[in-house]
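Engineer: Need a 3D model of the following:
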Amino acid sequence: MKILFRLYQWIIAAPILLLLTIITALITILMTSIFGGHFWGYYPAHIWSRCVCILWGQRVIVKGRENIDSKTSYVFVANHQGAFDIWAIYGYLNHDFKWLMKKELEKIFLVGKACKKAGHIMVDDSSITGIRTTIEESEKTLQGGMSLVIFPEGSRTFDGKMIPFKRGAFMLAAEYKLPVVPITIDGAFHAMPRTTYNVTPGTITLTIHKPIYPGERGFNTKKLMAECREAIQSALPEEQRDNPDKIAIS
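Structural biologist: Residues are numbered from 1 along each chain as shown. Prediction:
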């Protein structure tokens with residue numbers, strides 16, 4: 001059965017994925033150029049992501065959707081298990097948002113340009129200057145009820161356990177006094193960890209936790225990182241949890 005799925009993956013699914021990606025990128029670039037990025041910057045990729053999950057045999061379950069309001073702006077922060085994190089959130093969160101993504105992704109053929117046209121924010125988080133520039137760009141994005149989705153770890157895990165958080169997401173939340181919503185992604189590491197391109201069919205669960213609201217004086221960034229990390233880990237299997245003190249700051 002595994003051999004049959006590998007044949008399906010590389011002979012059928014991979015070419016279809018490539019074609020779908022090119023079509024989605026071209027539609028996004030063209031339509032956002034004409035009509036702007038509010039609708040066309042979200043829905044083509046939303047549909048593309050659902051198709052990808054179905055194509056690769058991933059069932060996505062969403063828990064806690066009642067914790068968020070479609071008309072409220074949030075900063076969503078999620079753990080980063082693998083490539084399917086992006087497709088699961090884009091396809092099944094059902095909340096209009098922009099990604100805060102690594103600047104180097106801008107170089108991907110067609111996809112990078114589509115992401116820019118869609119209004120996603122490219123960030124260089126290697127310096128304080130880069131973070132400040134990101135905050136300035138985000139000010140325009142977060143108008144009109146738009147939300148952001150960020151992977152505060154910055155990169156995918158190698159072993160399934162969360163790696164240290166970077167502070168950019170939490171600085172943004174503090175700057176604009178937006179509620180932060182932790183999201184736990186469970187199952188994407190099993191689907192395709194970063195050490196392989198082979199996919200394993202299965203179930204991915206998104207757990208949307210209750211928002212953490214800012215106080216009158218804003219967030220304590222270190223405390224906020226710890227609270228979000230604790231919330232995310234609470235919905236992970238025991239073997240994927242780590243030391244609760246490992247909140248990391250960079």
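
Engineer: where exactly do the strands run in this structure?
Structural biologist: For the chain, the strands defined by DSSP state E occupy 58-63, 75-78, 97-102, 121-123, 147-150, 180-186, 202-208.

Engineer: In the chain, where is pLDDT below threshold?
Structural biologist: Residues of the chain meeting the criterion pLDDT under 70: 124-145, 215-219, 243-250.

Engineer: same for the helix ranked longest in it, what does it pack against?
Structural biologist: In the chain, assigned by DSSP state H, the helix with the most residues is helix 14-35. Contacts defined by 3 or more C-beta pairs under 8 Å, 6 or more residues apart in numbering; DSSP states H and E place helix 14-35 against helix 37-40, helix 43-55, helix 111-118. No exception for glycine: its C-beta is placed from N, CA and C like everyone else's.

Engineer: In this structure Met192 contacts Pro201, no?
Structural biologist: No: using C-beta atoms under 8 Å, Met192 is not in contact with Pro201, being 10.5 Å away.

Engineer: mind listing what's buried in the longest helix of the chain?
Structural biologist: 17, 20-21, 24-25, 27-29, 31-32 (16 or more other C-beta atoms under 10 Å).

Engineer: What of stretch 221-240?
Structural biologist: Using 16+ other C-beta under 10 Å as the test for burial, stretch 221-240 gives 224-229, 231-233, 235-236, 240.

Engineer: Is Thr207 bridged to anything, and to what?
Structural biologist: Lys63, Thr184 (DSSP bridges).

Engineer: That one and Ala235 touch, don't they?
Structural biologist: Yes: in this structure, Thr207 is within contact of Ala235 by C-beta under 8 Å, at 4.1 Å.

Engineer: what is in contact with these two at once?
Structural biologist: 63, 184, 186 (C-beta atoms under 8 Å, 6 or more residues apart in numbering).

Engineer: And the contacts of stretch 223-236?
Structural biologist: 63, 77-79, 152, 162, 165, 167, 170, 173-174, 180, 182-184, 186, 205, 207, 209, 212, 240-242, 244, 246-249.

Engineer: ok, back up a step: using JSON lines, lay out the helices and strands packed on helix 14-35 together with distance to Lys102 and mean neighbour count.
Structural biologist: Below are the helices and strands packed on helix 14-35 laid out as JSON lines (distance: least, C-beta to C-beta, whole Å; neighbours: other C-beta atoms under 10 Å):
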{"stretch": "helix 37-40", "distance to Lys102": "20", "mean neighbour count": "16"}
{"stretch": "helix 43-55", "distance to Lys102": "17", "mean neighbour count": "18"}
{"stretch": "helix 111-118", "distance to Lys102": "11", "mean neighbour count": "20"}
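
Engineer: Alright, that wraps it up for me.
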